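A.B. asks: turn this into a structure:
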Amino acid sequence: MKFYKLTVVCKSEASDTVSYELHECGSLGEVFSDYNDILRVLDEKSWDYADASLFEKTEGCTVSGFFTIETDVESVAQKIKKLGEYDYADFSGLTVSIETIDSVEWENEWKKYYVPFNIGKILVIPEWIDREPTAGEIPVYLNPGLAFGTGTHETTSMCIEFMDSLPIRGSRVLDFGCGSGILGICASALGAKSVVFIDTDEQAIDATRKNCKLNGIDDPTVVLKDVRQMSEPADIVLANITADVLTDVEPIIMSALKAGGYAVISGIISDKAETVKARYIKDFTLVSEQKKNEWSAYVFKL
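C.D. replies: Numbers count the residues shown, from 1 in each chain. Prediction:
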């Protein structure tokens with residue numbers, strides 16, 4: 001199967017906004033390549049495993065989005081170029097290129113950048129890498145496939161970090177828009193009594209089932225349906241989607257929660273953070289908030 005790969009070269013500070021716009025235009029996934037990220041991680045800790053190509057110095061940052069062959073990618077490219085008209089980030093020097101690739105190339109391209117990493121007590125280990133956790137680390141094995149959610153993105157890592165402060169153990173958790181299933185699987189690894197995974201994308205459902213199996217979750221409740229069909233409300237809802245969708249589904253998330261339950265929401269670009277926050281604070285109490293680069297995440301209590 002063929003796909004379009006749209007690659008944007010931009011400044012590091014503009015990369016989150018570019019990724020968000022690609023996603024909003026229908027990108028099936030985004031791949032970042034930014035040498036500044038490598039320098040930042042090396043400054044924080046040493047890696048015991050990484051592809052040598054990661055350490056080759058590059059100029060600027062590239063963000064690639066992948067689109068079905070039916071997509072009008074020229075229109076997408078024009079929308080990305082229009083970012084240069086705004087001044088809330090440095091969009092100078094932004095360039096866009098388009099190429100047609102085979103699905104196998106896309107599916108494997110990101111693997112060379114995906115290495116074991118820690119988020120709090122959780123150690124995320126790519127399925128194809130042999131790595132033993134050390135004392136105190138809780139391993140989560142993952143192969144995202146074509147679904148969103150490797151854990152490396154700020155929106156996902158903030159959700160996982162929030163779990164440390166929530167009463168996860170013994171709780172009933174809903175992974176709303178599960179993608180690869182990483183959030184629900186982490187909740188299970190941290191002691192959740194049960195996890196329901198829900199998504200509207202068949203590829204996400206397939207990836208989640210496979211990742212549940214990798215982590216020893218037998219007969220997981222993974223469903224391709226509307227969350228409103230749940231028979232029992234959850235203690236905790238985890239939702240890493242996009243700002244616009246989170247705003248629209250606030251009543252649905254509220255109805256999926258027990259009284260006193262928690263909603264962890266993420267995937268919110270900074271210029272839409274206050275809008276999302278204002279929508280939820282009408283029905284929920286704000287418990288915690290976090291920001292990483294251009295992304296925000298919140299914990300609300302019903």
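A.B. asks: can you show me the helices along the stretch 1-150 of the chain?
C.D. replies: 15-24, 35-44, 73-81, 103-109 (DSSP state H, counting those that start in this stretch).
A.B. asks: likewise for the stretch 151-300 of the chain?
C.D. replies: So, for the stretch 151-300 of the chain - with DSSP H, counting those that start in this stretch - the helices run 154-163, 182-189, 202-214, 243-248, 250-255, 273-281.
A.B. asks: mind giving me the packing neighbours of the third one?
C.D. replies: Contacting helix 202-214 under the criterion 3 or more CB pairs under 8 Å, 6 or more residues apart in numbering; DSSP states H and E are the following elements: strand 138-142, helix 182-189, strand 194-198, strand 221-223. Yep, even glycine has a C-beta here, placed from its N, CA and C like the rest.
A.B. asks: what do you get for the fourth one?
C.D. replies: In this structure, helix 243-248 packs against strand 257-269, helix 273-281, with contacts taken as 3+ CB pairs under 8 Å, 6+ apart.
A.B. asks: so how far is it from its chain's centroid?
C.D. replies: Helix 243-248 has its C-alpha centroid displaced from the chain centroid by 15 Å (CA atoms, centre = their mean, to the nearest Å).
A.B. asks: alpha carbons of it, in CSV - could you do that?
C.D. replies: C-alpha atoms of helix 243-248 as CSV (Å, rounded to 0.1, in the frame of the first residue of the first chain):
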residue,chain,number,x,y,z
ALA,A,243,-7.9,19.7,22.2
ASP,A,244,-11.0,20.0,19.9
VAL,A,245,-12.1,16.4,20.5
LEU,A,246,-11.5,16.6,24.3
THR,A,247,-13.8,19.7,24.3
ASP,A,248,-16.5,17.9,22.4
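A.B. asks: buried ones in it?
C.D. replies: For helix 243-248, the neighbour count (16 or more other CB atoms under 10 Å) marks 243, 246-247 as buried.
A.B. asks: now do the longest one
C.D. replies: For helix 202-214, a neighbour-count test (16+ other CB under 10 Å) marks 203-208, 210-212, 214 as buried.
A.B. asks: would you mind giving the buried residues of helix 243-248 as JSON lines with distance to residue 164 and pLDDT added?
C.D. replies: Putting these into JSON lines (distance: CB to CB, whole Å; pLDDT from 0 to 100) gives the following:
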{"residue": "243", "distance to residue 164": "24", "pLDDT": "91"}
{"residue": "246", "distance to residue 164": "22", "pLDDT": "95"}
{"residue": "247", "distance to residue 164": "27", "pLDDT": "95"}
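A.B. asks: for the residues you listed, which one is nearest residue 70?
C.D. replies: residue 243 (25.9 Å; CB to CB).
A.B. asks: ok, now how distant is that closest one from residue 231?
C.D. replies: 29 Å (CB to CB, to the nearest Å).
A.B. asks: now do residue 201
C.D. replies: The separation that residue 201 has from residue 231, given CB to CB, amounts to 22 Å.
A.B. asks: neighbour count winner among these two?
C.D. replies: Between residue 201 and residue 231, counted using other CB atoms under 10 Å, residue 201 has the larger neighbour count: 17 against 5.
A.B. asks: sorry, back to before: may I see the helices and strands packed on helix 243-248 organised as a markdown table, with mean pLDDT, mean neighbour count and distance to residue 161 added?
C.D. replies: What follows is the helices and strands packed on helix 243-248, written out as a markdown table (pLDDT from 0 to 100; neighbours: other CB atoms under 10 Å; distance: least, CB to CB, whole Å):
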| stretch | mean pLDDT | mean neighbour count | distance to residue 161 |
| --- | --- | --- | --- |
| strand 257-269 | 95 | 22 | 10 |
| helix 273-281 | 96 | 16 | 17 |
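A.B. asks: out of the helices and strands packed on helix 202-214, which one sits most buried?
C.D. replies: Highest mean neighbour count among these (mean count of other CB atoms under 10 Å): helix 182-189, with a mean of 27.
A.B. asks: ok, residue 98 - contacts?
C.D. replies: 4-7, 73-74, 77 (CB atoms under 8 Å, 6 or more residues apart in numbering).
A.B. asks: at 10 Å what do you get?
C.D. replies: Counting by CB atoms under 10 Å, 6 or more residues apart in numbering, residue 98 makes contact with 4-7, 67, 73-74, 76-77.
A.B. asks: from residue 199, how far off is it?
C.D. replies: 28 Å.
A.B. asks: ok, of the helices of the stretch 1-150 of the chain, where does mean pLDDT dip lowest?
C.D. replies: Looking at those, the lowest mean pLDDT belongs to helix 35-44 (a mean of 52).
A.B. asks: ok, residue 158 touching residue 164?
C.D. replies: No. Using CB atoms under 10 Å as the test, residue 158 is too far from residue 164 to be in contact (11.4 Å).
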